[in-house]
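Q: Give me a 3D structure for the following:
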Amino acid sequence: MPRARDARGRFAKGSSGNPRGRPPGIPNPRRRVPDLAARPLSAQALSDLIDRKPHLLRPLAEQLLPPPLAAIDPAARLGIDLASLRTVEDIRRVLSTVLAAVARGDIAPAEAAHIAERADARLRACRRLARLERRLVHEAGPAQTTRG
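A: This is a model prediction of the structure:
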């Protein structure tokens, strides 16, 4: 089947060898990141590439630099075991430790807020558990007295 052509001999719109275009999921070849392990570039060629396509700087740097270290939990850095928190007094002690660490510059305020949120969630869970235990004891109490 011959393909439709315009007056200048070019393919008419929608009748080329690939009328639907590039399939979804296939990356644009102009934005594709070169694999530096398979095909190393000289320093000058790399510099020229980044000058022409600055959006490639981060992906190329990720190929050259080692992976970032895993983040250490700020609570663990301060020696705080959030799983051991049971009472309001425990939370109060932890929060005073966290505030002192922020004042010293050991942790960032955002890290302190994250620890405080986790401690609050722990305290709410302990309170819910205590309410559930009280309800179970209350419901089990009269049932035991009617048996005896």
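Q: Buried residues, the longest helix along the chain. List them.
A: What stands out as the longest helix in the chain, according to DSSP state H, is helix 109-147. For helix 109-147, a neighbour-count test (16 or more other C-beta atoms under 10 Å) marks Glu111, Ala112, His114, Ile115, Arg118, Ala119, Arg122, Leu123, Cys126 as buried. From N, CA and C alone the C-beta is placed, and that goes for glycine too.
Q: Those residues: which two are farthest apart?
A: Glu111 and Cys126 (22.8 Å; C-beta to C-beta).
Q: of all the buried residues of helix 109-147, which comes closest to Pro40?
A: Glu111 (39.4 Å).
Q: Summarise which helices and strands the helix-or-strand element of the chain with minimal mean pLDDT is packed against.
A: Using mean pLDDT, DSSP states H and E, helix 109-147 stands out as the lowest-scoring helix or strand of the chain, at a mean of 85. If you count contacts as 3 or more C-beta pairs under 8 Å, 6 or more residues apart in numbering; DSSP states H and E, helix 109-147 packs onto helix 74-77, helix 88-104.
Q: That helix versus helix 88-104: what angle between them?
A: With axes from the mean of the first three to the mean of the last three C-alpha atoms, to 10 degrees defining the directions, helix 109-147 sits at 180 degrees from helix 88-104.
Q: Using CSV, lay out the buried residues of helix 109-147 together with distance to Gly21.
A: Putting the buried residues of helix 109-147 into CSV (distance: C-beta to C-beta, whole Å) gives the following:
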residue, distance to Gly21
Glu111, 47
Ala112, 51
His114, 45
Ile115, 51
Arg118, 49
Ala119, 54
Arg122, 53
Leu123, 56
Cys126, 58
